[in-house]
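# sequence first, predicted model second:
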Amino acid sequence: MSASAPASAPPARHWLSFRIGAQLYAAPLDEVSEVIRDGELTPVPGAAADLLGVRHLRGRIVPVMDGRLRLGLPALPAANPVSVRVVLLSQAGQRVGLRVDAVGELLCSDGLDVAPPPPGRASRDDDPVSGVLAWQGGFVALLDVRRLCRADDGGSHVA
């Protein structure tokens, strides 16, 4: 093993994969704070359509987004309630939950080529997919948590 990597080598990245519908997605592991079971949410009147509500978690109020709606996927078919989880993401000092159909495995993109998102996705200004990674005969869509949580819209809020 070499003591120093070439300057052009991308840093190793670890990702937590999860499934929404038939598609695999992944978020950078260093931006995932925890994974919890789906639970009771309090609706927020006037919130964005993809915000399911807020959840009280250990004294904090955490907004929870619907992964299907946020990523532009159809609402059906419904996921198996036993496997549904909320992936808590850390962004801008806050936590935001993303409801997913099932949590997958940890991935490492070290030494693998990350391709740009498919061309059709570029038409969405707020598309959080930052790239794709070939994985086990298919691909995993890699998410930009900052864009997913809408932390770069100029506002001070997340989600």
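Thanks, I have it.

# for the protein, what spans make up the strands?
Applying DSSP state E to the chain gives strands spanning 14-20, 23-28, 32-37, 51-57, 60-66, 85-91, 94-100, 102-108, 114-115, 129-135, 138-143.

# tell me which of those sits most buried.
Most buried of the strands of the chain, by mean neighbour count (mean count of other Cβ atoms under 10 Å): strand 94-100, with a mean of 24. The C-beta positions use only the backbone N, C-alpha and C, and glycine is treated the same way.

# what lines up beside that one in the sheet?
Strand 94-100 pairs in its sheet with strand 60-66 (parallel), strand 85-91 (antiparallel), by DSSP bridges.

# average pLDDT for it?
Across strand 94-100, pLDDT averages out at 95.

# what angle sits between it and strand 14-20?
50 degrees (axes from the mean of the first three to the mean of the last three Cα atoms, to 10 degrees).

# who touches strand 94-100?
18-20, 25, 27, 33, 36, 38, 52, 55, 57, 60, 62-67, 70, 84-89, 148-149, 158-159 (Cβ atoms under 8 Å, 6 or more residues apart in numbering).
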